[in-house]
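Enquirer: sharing a model that was predicted from the sequence below.
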Amino acid sequence: MRDALQWARSLIFVVNIYAMMGIMGIVFFPWALVSRKGALTACHTWCRWVRWTARWMVGIRTEVRGTPPTDEVLIAAKHQSFLDIILIFGSVPAGKFIMKRELMWAPVIGQYALKIGCVPVDRGKRSLAIKKMVRDVAKGRQQPGQLIIYPQGTRIAPGVQAPFKIGSGVLYEELGQDCVPAATNVGLFWPRMGILRKPGLAVVEFLPRIEAGLDKGTFMARLADEVEEASNRLMTEAGFDADNRDG
């Protein structure tokens, strides 16, 4: 009975956040159309709404630890669900992503993503996209801000091992920017798939930055070690047992 009630609350919560995405998207659209600040304000407002409603609708409390960067850096983050996107983006002043080109045509999301400076890439052509991004940054065409990347390439469930892909190392090396790693445990409460949301404390933690200038191999090894170690610590803190993935 308790699980059924939590599932029902979760369904209402999911409907709520996507409905509000559409409402806020329309309300802020005139401002967002003429100003990047308008688009960022809309997205940050929605992130705050999600965090507020998650607390009282499904029992997910959220916390951001460490120091969110405000300068131009790479943020290389563990990615477990949509919630870590919300927490990271909502904590920095001008976040932007490398996104799949198909999302350009998605209502609301696509238009706002382009306005805040996200870079659309073609599936299977990530190496070309990275080269283009490096060129754009060098020529000053890219909007300034914090580039949020997911080194493992996709959402990874808690306890699942997946390699860190070389694209983040290429960006770090070619752009010559510091990198701020980010760890998380959000997948324990907001899974990568499905409706059910579980109560608990969902955390994103910004780790000490990795200074620019390391070689690609050294950077990748350090990034993987630091993100995985911190994410495992956060999951253990939340009561996750790696030998029992149901937590």
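Expert: Perfect, I can see it now. Numbering: from 1, shown residues only.
Enquirer: ok, which stretches of this protein are strands?
Expert: 60-65, 74-77, 95-100, 119-121, 146-149, 179-184, 200-206 (DSSP state E).
Enquirer: export only the CA atoms of stretch 22-34, formatted as CSV.
Expert: Provided in CSV are the C-alpha atoms of stretch 22-34 (Å, rounded to 0.1, in the frame of the first residue of the first chain):
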residue,chain,number,x,y,z
GLY,A,22,5.6,24.2,-20.4
ILE,A,23,3.9,27.0,-18.4
MET,A,24,7.2,28.7,-17.5
GLY,A,25,8.5,28.2,-21.0
ILE,A,26,5.5,30.2,-22.4
VAL,A,27,5.5,32.9,-19.7
PHE,A,28,9.3,33.6,-20.0
PHE,A,29,9.4,33.2,-23.8
PRO,A,30,9.2,36.8,-24.8
TRP,A,31,12.1,37.7,-22.5
ALA,A,32,14.0,34.6,-23.5
LEU,A,33,13.6,35.4,-27.1
VAL,A,34,15.5,38.6,-26.9
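Enquirer: run through who's touching that stretch.
Expert: Under the contact criterion C-beta atoms under 8 Å, 6 or more residues apart in numbering, stretch 22-34 has outside partners 37-39, 41-42, 45-46, 49, 107-108, 111-112, 115. Every residue, glycine included, has its C-beta placed from N, CA and C.
Enquirer: those in helices, which ones?
Expert: Using DSSP state H, the members of these that fall in helices are K37, G38, A39, T41, A42, T45, W46, W49, Q111, Y112, K115.
Enquirer: out of these, which are buried?
Expert: G38, A39, A42, W46, W49, Q111, Y112, K115 (16 or more other C-beta atoms under 10 Å).
Enquirer: include distance to L83 and pLDDT when you put the residues you listed into TSV, please.
Expert: Shown next, in TSV, are those (distance: C-beta to C-beta, whole Å; pLDDT from 0 to 100):
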residue	distance to L83	pLDDT
G38	25	96
A39	21	96
A42	19	97
W46	13	97
W49	13	98
Q111	23	85
Y112	18	92
K115	23	91
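Enquirer: ok, of the residues you listed, which one's closest to M193?
Expert: For those, the closest approach to M193 (C-beta to C-beta) belongs to W46, at 21.6 Å.
Enquirer: count of neighbours near the nearest residue to that closest one once chain neighbours are set aside?
Expert: The shortest distance from W46 to any non-neighbouring residue, by C-beta to C-beta, 6 or more residues apart in numbering, is to M24 (5.1 Å). Around M24 there are 19 other residues, counting by other C-beta atoms under 10 Å.
Enquirer: got it, and P30?
Expert: Number of residues near P30 (other C-beta under 10 Å) recorded here: 10.
Enquirer: gap between the two ends of stretch 212-220?
Expert: Criterion C-alpha to C-alpha, to the nearest Å; first-to-last residue distance in stretch 212-220 is 12 Å.
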